[in-house]
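[1] kindly generate the corresponding structure for this input.
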Amino acid sequence: MKKWTAVLLSAILLLGITACGNAKEATGGNNTAAEQPAGETKETVAAPTVDELIQKTTDASKDLKSFSMDAQIKQNITVSQGDQKQEQKVDMQMKTDMTKEPLNMYQEIKMSIPDQGEQDIKQYITQEGIYSQVGGAWTKVPDEMKDQLMATVEASAKPEQQLEQFKSISKDAKVSVEGNEYVLSADLSGEGLKELAKSLMSQSGNDPQTAALMEQMNIKNIKIMYGVNKDTYLPTKSDVNMTMDMEQDGQGMSLEMVLTSTFSKHNEVGEIKVPQEVLDSAK
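    Numbering: from 1, shown residues only. Reported below is the predicted structural model:
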């Protein structure tokens, strides 16, 4: 069980690198019209169906060249055996700037990890290299790891190519109107959630250990919320909440994970380049 706990912790750390793009995947599609508040006419609401929301958001994403994201990831792992329980909580806060052409990213991450205390991380993920600062010192990620990581980031930056798989939750998805936003949401439980959960956890990369863990997990509930601006159809916010559990060798493990993101500065982020002082000091 300790092995699986370590796998989950590793996955959540990697999730921080790619969450900015993949959080946009959490949508579904059907022909259910938006909920219309009492007293309002169709003319005042003018909300899209879920299929229309997906299509218009997909079209808008193709013109999205850059954005900023603030995100928080909370993960609580509880391991139990008999009357004994042990909790491990991970809290991660991220600020991300991203450009898609060229594909470059700058992040500031604050993490609280069991037995390690708090850590502040800064990182540049760019075409010229990947540089991370932990504990005040800059290091360069080996070039042999760069290609794989950049491929993951590149895939996450193209949500318009990844929305189709979420049409599997279409019958449970709905659109509502909240101020200047259209909000698509789904509250899912029961059978058939494993593939969706695997897709959401794959945001941390196609790690075989994480995939093996997900096969053994019982997915209890997934809540998804995705908001877009009513005028531009560009992303404004995204929430993913998952609960799951498993048993192995007489031990039980439960996982609660909440990923909350807000998006801003659409097409306003300037050039992201690794500063010369970082290049000079990186080991």
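[2] beta partners for Val258?
    Val258 has these beta-bridge partners by DSSP bridges: Lys74, Asn241.
[3] does it really touch Thr243, like I thought?
    No - counting by CB atoms under 8 Å, Val258 stays clear of Thr243, with 9.6 Å between them. C-beta here means a position set from N, CA and C on the backbone, and glycine is covered the same way.
[4] check contacts around Lys85.
    Neighbour list for Lys85: Thr78, Val79 [criterion: CB atoms under 8 Å, 6 or more residues apart in numbering].
[5] what helix or strand does it sit in?
    strand 84-100 (DSSP states H and E).
[6] surely Ser112 touches Val90?
    Yes - assessed by CB under 8 Å, Ser112 is found in contact with Val90 at 6.9 Å.
[7] settle it for me: which of the two has more neighbours?
    Val90 (19 against 14; other CB atoms under 10 Å).
[8] picking up where we left off before, for Val258 and Thr243, indicate the residue with more neighbours.
    Thr243 (18 against 15).
[9] phi and psi next, for the more buried one.
    Phi and psi for Thr243, reported as degrees, to the nearest 10, are phi -130, psi 140.
[10] would you mark the buried spots in stretch 220-239?
    220, 222-230, 232-239 (16 or more other CB atoms under 10 Å).
[11] so of the residues you listed, which ones are in strands?
    220, 222-229, 235-239 (DSSP state E).
[12] closest one to Tyr182 out of these, please.
    Val228 (5.4 Å; CB to CB).
[13] which one is Ala104 nearest to, not counting chain neighbours?
    One thing to correct before we go on: residue 104 is Asn, not Ala. Using CB to CB, 6 or more residues apart in numbering and skipping the chain neighbours, the partner closest in space to Asn104 is Ile272 (3.9 Å).
[14] same thing with Asp187?
    Closest to Asp187 by CB to CB, 6+ apart is Lys223, at 5.1 Å.
[15] from Ser261, how far off is that neighbour?
    Going from Lys223 to Ser261 by CB to CB, to the nearest Å gives 14 Å.
[16] ok, the closest residue to Ser185 other than its chain neighbours - contacts?
    Using CB to CB, 6+ apart and skipping the chain neighbours, the partner closest in space to Ser185 is Met225 (4.5 Å). Residues near Met225 by CB under 8 Å, 6+ apart: Ala26, Val183, Leu184, Ser185, Lys237, Ser238, Asp239, Val240.
[17] how about 7 Å then?
    Val183, Ser185, Ser238, Asp239 (CB atoms under 7 Å, 6 or more residues apart in numbering).
[18] burial count for Ala137?
    If we define neighbours as other CB under 10 Å, then Ala137 has 10 of them.
[19] measure it to Asp63 for me?
    39 Å.
[20] Asn241 against Val258, yeah?
    Yes - with contacts counted by CB atoms under 7 Å, Asn241 reaches Val258, the gap being 4.9 Å.
[21] alright, calling it a day.
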